[in-house]
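Asks: Mind looking at a prediction? Sequence and model below.
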Amino acid sequence: MKLKPKNNGKILELPTQFFNIIKHETALVILSPANETVKIIPTKSPKVFKILINLGEKISSNFLIGLKKFFEETKITPLFTSGLCFKEKNCMYELYCPAELMDENQLIKKLEKLESVKKVEIQTLSP
């Protein structure tokens with residue numbers, strides 16, 4: 001496949017075989033400039049939450065245990081997670097999940113209860 005911008009708009013045309021394989025009308029597209037990769041994650045959900053969890057300067061193993069319990073209790077299966085990474089002095093955990101699984105405010109309250117969590121930010125992504 002040849003990648004190039006189409007005129008002034010940035011359009012990526014994919015072959016029909018691609019759509020025959022994924023069988024979904026929507027997808028989460030993650031562009032990672034650092035390692036020059038693009039991930040296309042098919043989803044049935046027309047809306048996706050991008051969730052950033054700020055853990056401050058330290059990460060605790062209890063956060064990871066709590067996060068595992070959170071996923072088990074809510075039955076949320078992330079579409080994608082970049083995992084733990086540092087942004088300036090703060091340790092961040094980033095994940096993407098279907099938006100219809102839980103109310104945004106409930107989601108924030110549950111995640112803020114986890115050990116080490118300083119702040120939770122949610123952005124709704126849609127086509």
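Replies: Sure thing, it's come through. Remember, predicted model here, so these are calculated numbers, not experimental data.
Asks: all strands in the chain, in order from the N-terminus.
Replies: 26-32, 37-43, 48-54, 80-87, 90-98, 119-125 (DSSP state E).
Asks: Measure how the longest one sits relative to strand 119-125, angle-wise.
Replies: Spelled out, that is strand 90-98. Orientation of strand 90-98 against strand 119-125 (axes from the mean of the first three to the mean of the last three CA atoms, to 10 degrees) gives an angle of 40 degrees.
Asks: Ok, the first one next?
Replies: Orientation of strand 26-32 against strand 119-125 (the same axes, to 10 degrees) gives an angle of 120 degrees.
Asks: Report the mean confidence score over strand 26-32.
Replies: For strand 26-32, the mean per-residue pLDDT is 86.
Asks: what's that strand in contact with?
Replies: 37-46, 48, 79-80, 96, 125, 127 (CB atoms under 8 Å, 6 or more residues apart in numbering). From N, CA and C alone the C-beta is placed, and that goes for glycine too.
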